[in-house]
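Asker: Please work out how this folds:
(chains A and B)
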2 protein chains.
Amino acid sequence: MEFDLIERIRRHTDVHRDDVVTGIGDDAAVVSIPAGRELAIAVDTLVEGIHFPVGTAAADIGWKALAVNLSDLAAMAATPAWALLALTLPTPDEAFIDGLARGFAELATPFRLALIGGDTTRGPLTVSVTVHGFTTPGQALLRSGARVGDVVMVTGTLGDAAAGLRCLAEADTTPYASLIDRLNRPTPRVAAGQALRGIATACIDVSDGLVADLGHICKQSGVGVEIDPALLPRSSAMLTHFHDADALDFALAGGDDYELCFTVPADRASEVAADLSRVGCGATRIGRVVEGAGVHLVDGTGQVRTPDRAGWNHFA
Amino acid sequence: MEFDLIERIRRHTDVHRDDVVTGIGDDAAVVSIPAGRELAIAVDTLVEGIHFPVGTAAADIGWKALAVNLSDLAAMAATPAWALLALTLPTPDEAFIDGLARGFAELATPFRLALIGGDTTRGPLTVSVTVHGFTTPGQALLRSGARVGDVVMVTGTLGDAAAGLRCLAEADTTPYASLIDRLNRPTPRVAAGQALRGIATACIDVSDGLVADLGHICKQSGVGVEIDPALLPRSSAMLTHFHDADALDFALAGGDDYELCFTVPADRASEVAADLSRVGCGATRIGRVVEGAGVHLVDGTGQVRTPDRAGWNHFA
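Answerer: From the prediction side, this is the model:
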């Protein structure tokens, strides 16, 4: 009910949308949905000390809280529209709130995403964002459509965020700035998701780790997946600072990358790679969809092993 | 991303809706909105020790987390449709989660509200619910339409929840069961809100206390309000257990009642009282809208005083 803080955050974003009938300041926001569109809705919560290290800059927290949610919309091929922000804070620290607002707005503004409501409460630092985006009926990317013979692809590079988290323990983090930036300021692949409409058969964002997230596609599509570890796209920053074994572990099981992992018919892989290069992230073929169940690692010689880490589980 | 818990909670509710295109289990839910309707969206968070006492039964927390949000929809005259649940828990205690689910479902089911998504994370107990409901364009009840000459009315009785909270300190709470129930199991006035469509000029739910919440109507409508304390509806349970001064304080400044406070043209007050009796909560005339600003107490003799408590502020 303390709308002053939410309104204060909103003022940092310079987004006006005609579809916001009633914004912040009443018991609920009221919005209108364009004819012929459906609504994709997701919520994700960040808890201090669990989803971001204690001491993370307020602006990074604001950015990341929105980014992880836009990433969910990206994985559905949805177009971002509105967000609500539920903020729990130990104290109403104005500098912290303005910092958080700046980070949130930096990401929201280019997507023309409007902050339409929220709630602020006192308690341990927790940021929960609910996002809404438009989809075209029948065109949302689901986890359930992967077919045997499809290829498995992933945008960008994998493992950087986990590598960045490891780097934070170092005394001098300057050499690792790009990795830490990937941890604190993930880029939701919104344009990539939209480019995959009508092409990808299944899609998920890599939040808990490649193996864990790809496992959801396997389960919901009733298929297995074979990944060639040598094909996993890894940044030169990560490969410069970490041994191969660590880098592979980060790429397979590190969470927080917010790349899209998706399946496409084999004959469209080249076209997709070109399309996603045009939107700036590129896409790499990392494996294929097979009969069976679960994610398996298959190297160039045909050796198969089943990964021993299933990704990050908040309650593990 | 741990959908198992959210899906487990959903299974307690027995609600199927054709407008849920994709429910729990993908990166986002996908829903369709009926032609000619707008969407009201609200989010409210409950933090243990702030919004409910430590030791509150899990089922009561589940009920209340939804109730406070449905109350926001009620105050907009919206029809509940879907909810998302962001749950932060210290440990994945199954008995607690099932209890919370039971309470949530008890309230969701009669409203045919579908749980379509959510998120579970590890951390201090926090329950954040985002609700969505349908409104008719131009018919949402706002805080900004009160006009000089309108009467001010309120549903049900005021102060019971605050009285219930006070009672929890007593060794034997049995005599106060009905007051404690009002604290733990508030009834969102959804049917009342809908009955006020096209009649009420402004509406808000009483969550932070009558004076504080009515103050929002004053500010956003550019009017003042005079309340006669003698007219405030107070339950016999509260009046039996508390002195008049306490009972008045609870009714004026106690939060958590989730009654609707609204303004209507004077010539429609009787009709509204009758309408709201039919939906079970009734409505009482407590004052009138005047020129000026803010909430003033005016007794039968014309004595005016300005309340010294502005209601509950989470950061006070």
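Asker: Which stretches in chain A count as helices?
Answerer: Taking DSSP state H, the helices of chain A run over residues A:3-10, A:58-75, A:94-108, A:160-167, A:177-184, A:190-195, A:210-221, A:236-241, A:244-253, A:269-278.
Asker: Would you format those helices as a markdown table with mean pLDDT, distance to residue B:167 and mean neighbour count included?
Answerer: Heads up, the C-betas are built off the backbone N, CA and C, glycines and all. Formatted as a markdown table, the helices of chain A follow (pLDDT from 0 to 100; distance: least, CB to CB, whole Å; neighbours: other CB atoms under 10 Å in any protein chain shown):
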| stretch | mean pLDDT | distance to residue B:167 | mean neighbour count |
| --- | --- | --- | --- |
| helix A:3-10 | 82 | 31 | 20 |
| helix A:58-75 | 98 | 38 | 26 |
| helix A:94-108 | 95 | 36 | 20 |
| helix A:160-167 | 94 | 48 | 24 |
| helix A:177-184 | 94 | 47 | 21 |
| helix A:190-195 | 98 | 51 | 23 |
| helix A:210-221 | 97 | 47 | 22 |
| helix A:236-241 | 95 | 59 | 17 |
| helix A:244-253 | 95 | 51 | 19 |
| helix A:269-278 | 97 | 61 | 15 |
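Asker: out of these, nearest to chain B?
Answerer: Closest to chain B of the helices of chain A, according to CB to the nearest CB: helix A:58-75, at 3.9 Å.
Asker: Let me know the angle separating that closest one from helix A:210-221.
Answerer: Helix A:58-75 runs at 30 degrees relative to helix A:210-221, counting by axes from the mean of the first three to the mean of the last three CA atoms, to 10 degrees.
Asker: Now do helix A:58-75 against helix A:94-108, angle only.
Answerer: Going by the same axes, to 10 degrees, helix A:58-75 makes 30 degrees with helix A:94-108.
Asker: Kindly report the residues of the stretch 101-250 of chain A close to chain B.
Answerer: A:116-124, A:126, A:128, A:130-133, A:135, A:137, A:140, A:142-144, A:203-205, A:207-208, A:220 (CB under 8 Å from any CB of the partner chain).
Asker: Filter those down to just the ones in strands.
Answerer: A:116-122, A:126, A:128, A:130-133, A:135, A:203-205 (DSSP state E).
Asker: Any of the residues of the stretch 101-250 of chain A next to chain B buried? List them.
Answerer: Buried residues within those, counting neighbours by 16 or more other CB atoms under 10 Å in any protein chain shown: A:116-124, A:126, A:128, A:130-133, A:135, A:140, A:142-144, A:203-205, A:207-208, A:220.
Asker: Please name the nearest non-neighbouring residue to the closest residue to chain B within the stretch 101-250 of chain A.
Answerer: At 3.7 Å from chain B, residue A:123 is the closest residue in the stretch 101-250 of chain A, using CB to the nearest CB. Nearest residue to residue A:123 in three dimensions, chain neighbours excluded: residue B:47, at 3.7 Å (CB to CB, 6 or more residues apart in numbering or on different chains).
Asker: before we move on, what about residue A:70?
Answerer: Here the residue nearest residue A:70, using CB to CB, 6+ apart, is residue A:188, at 3.7 Å.
Asker: residues contacting the one you found?
Answerer: Applying CB atoms under 8 Å, 6 or more residues apart in numbering or on different chains to residue A:188 gives the contacts A:67, A:68, A:70, A:71, A:73, A:74, A:107, A:205, A:258.
Asker: And it, what's its pLDDT?
Answerer: At residue A:188, the model reports a pLDDT of 98.
Asker: Please determine how far it is located from residue B:145.
Answerer: Applying CB to CB, to the nearest Å, the value for residue A:188 to residue B:145 is 39 Å.
Asker: Ok, residue A:123 next?
Answerer: 34 Å.
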